[in-house]
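>>> the sequence and its predicted three-dimensional model are supplied below.
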Amino acid sequence: MSQLYVGSQDIVHRRPLRQYLANVWLPAFKRSNSKYPRTLQILRAPEWPIYPEIRKEPGTRNLRHILTTDLWKFTVQTQNFMLNKVERMYLQNMARVKEEESELLRLPSRNIVTYDEEDIQRLSHIDNEDDCISVLQDYVLGTVSEAMRLIHGVPLNSPAAASLQFQNVSHLCVAHHARWDILALPRDNAGRHPFVVFFVPPWEFGTDDFDDFTKARTFGDNVLDVLDTDQHTAAYKLWAVIHDTCFGRTKYFAVTNYTRWCFGEIGPGCTVAGVTIPMEAPILNLDGTYEPSPSCYGFNVIEFFLFWINQAVQRQGKF
């Protein structure tokens with residue numbers, strides 16, 4: 001994989017960081033004994049268990065309203081972030097050499113970062129959920145963290161750089177055979193996490209499930225507490241998990257099944273949440289072909305992710 005770093009505008013062979021970000025893909029992955037990628041999407045996943053661990057006494061959870069975020073406003077804010085924070089940042093091969101090993105910017109990007117045999121082997125042996133989480137952390141979240149570090153000029157291996165590294169905090173909302181994992185930026189001295197990512201594998205959360213999750217709605221009395229009868233849907237249970245994780249800890253979050261993403265915000269008192277429509281991630285297949293995805297007004301999910309996580313850390317007074 002090509003090794004890159006951010007440099008000033010007068011360095012030869014420079015490439016804009018913006019160019020890298022605008023052309024990134026998320027790598028597909030598969031089981032050792034299968035030729036089919038595990039990133040193939042399904043319409044609707046099998047029904048989730050009841051999860052008595054997350055059922056609460058009536059009146060416990062505050063969340064009542066889900067609103068749809070204004071995508072045009074969200075996009076304009078992303079564009080302003082790109083122009084003001086990212087546009088003047090440049091990449092260059094380490095030591096001005098075209099090919100070097102790197103673990104900093106892990107996502108492939110057209111004509112900038114390509115995968116070697118070691119990457120292909122790893123992505124061809126994703127046999128359990130832990131392997132899947134490691135791909136999300138190392139390739140996707142690791143790239144976002146590194147891009148944030150570069151944008152803000154944070155020294156490598158510094159405490160500030162460590163504050164941009166995602167950690168698995170699934171212990172914040174535990175259930176037997178839980179379909180979700182929770183990853184977050186480290187908590188501050190007040191015990192608050194600047195940003196949280198909720199991950200459900202694509203075979204446990206289909207496109208229809210995702211559409212259902214992001215739908216604007218008002219929850220009836222105690223629906224998210226008892227989670228019974230016809231409310232046994234993945235969407236309702238995931239909103240209950242998000243409420244319990246975010247309440248008193250954070251307001252900024254993302255939800256993903258790897259191939260689809262949405263970005264959200266919890267309002268004061270955790271009574272209202274706003275969330276974007278689902279966004280498709282561009283997927284690079286293991287044979288080098290790719291699955292194009294429609295961009296939202298010219299931006300991909302990683303660019304939106306960078307903007308939203310930047311909102312979160314700056315609201316906490318960082319950088």
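Looks like it arrived, so ask away.
>>> hang on, residue 115 packs against residue 107?
No - Residue 115 is beyond contact range of residue 107, at 9.8 Å (criterion: CB atoms under 8 Å). For glycine as for every other residue, the C-beta is placed from the backbone atoms N, C-alpha and C.
>>> so what sits against both of the two?
Residues touching both residue 115 and residue 107 (CB atoms under 8 Å, 6 or more residues apart in numbering): residue 27.
>>> higher neighbour count, the two?
Counted by other CB atoms under 10 Å, residue 115 and residue 107 do not tie: residue 107 has more neighbours, with 24 against 19.
>>> for the more buried one, give me the pLDDT.
Each residue has a pLDDT score; the one for residue 107 is 94.
>>> can you give me phi and psi for residue 137?
Here is the backbone geometry of residue 137 (degrees, to the nearest 10): phi -70, psi -50.
>>> tell me the contacts of the residue nearest to it when sequence neighbours are not counted?
Spatial nearest neighbour of residue 137, chain neighbours left out: residue 166 (6.1 Å); criterion: CB to CB, 6 or more residues apart in numbering. By CB under 8 Å, 6+ apart, the contact set of residue 166 is 137, 141, 142, 145, 183, 184, 185, 197.
>>> go on, residue 111?
Residue 111 sits next to residue 23 when contact means CB under 8 Å, 6+ apart.
>>> distance of it relative to residue 214?
Look at residue 111 and residue 214: by CB to CB, to the nearest Å, they are 34 Å apart.
>>> what's the answer for residue 202, then?
Distance from residue 202 to residue 214, counting by CB to CB: 16 Å.
>>> can you check residue 235 too?
Taking CB to CB, one finds residue 235 at 8 Å from residue 214.
>>> what about residue 155, neighbour count?
Residue 155 has 9 neighbours, counted by other CB under 10 Å.
>>> OK, contacts around it?
Here residue 155 is in contact with residue 161 (CB under 8 Å, 6+ apart).
>>> so which helix or strand takes in it?
Per DSSP states H and E, residue 155 falls between elements, in no helix or strand.
>>> and for residue 302?
Per DSSP H and E: helix 301-315 holds residue 302.
>>> got the buried residues for stretch 74-83?
Across stretch 74-83, burial judged by 16 or more other CB atoms under 10 Å covers 74, 75, 78, 81, 82.
>>> also stretch 17-34?
Buried residues in stretch 17-34 (16+ other CB under 10 Å): 17-18, 20-30.
>>> widest-spaced pair of those residues?
Farthest pair in the buried residues of stretch 17-34 (CB to CB) is 18 and 30. Separation: 31.3 Å.
>>> ok so, going back, so which elements touch the helix holding residue 302?
Under the contact definition 3 or more CB pairs under 8 Å, 6 or more residues apart in numbering; DSSP states H and E, helix 301-315 sits against helix 17-22, helix 71-81, helix 142-151, strand 252-256, strand 260-266, strand 279-280.
>>> many thanks, I have nothing further to ask.
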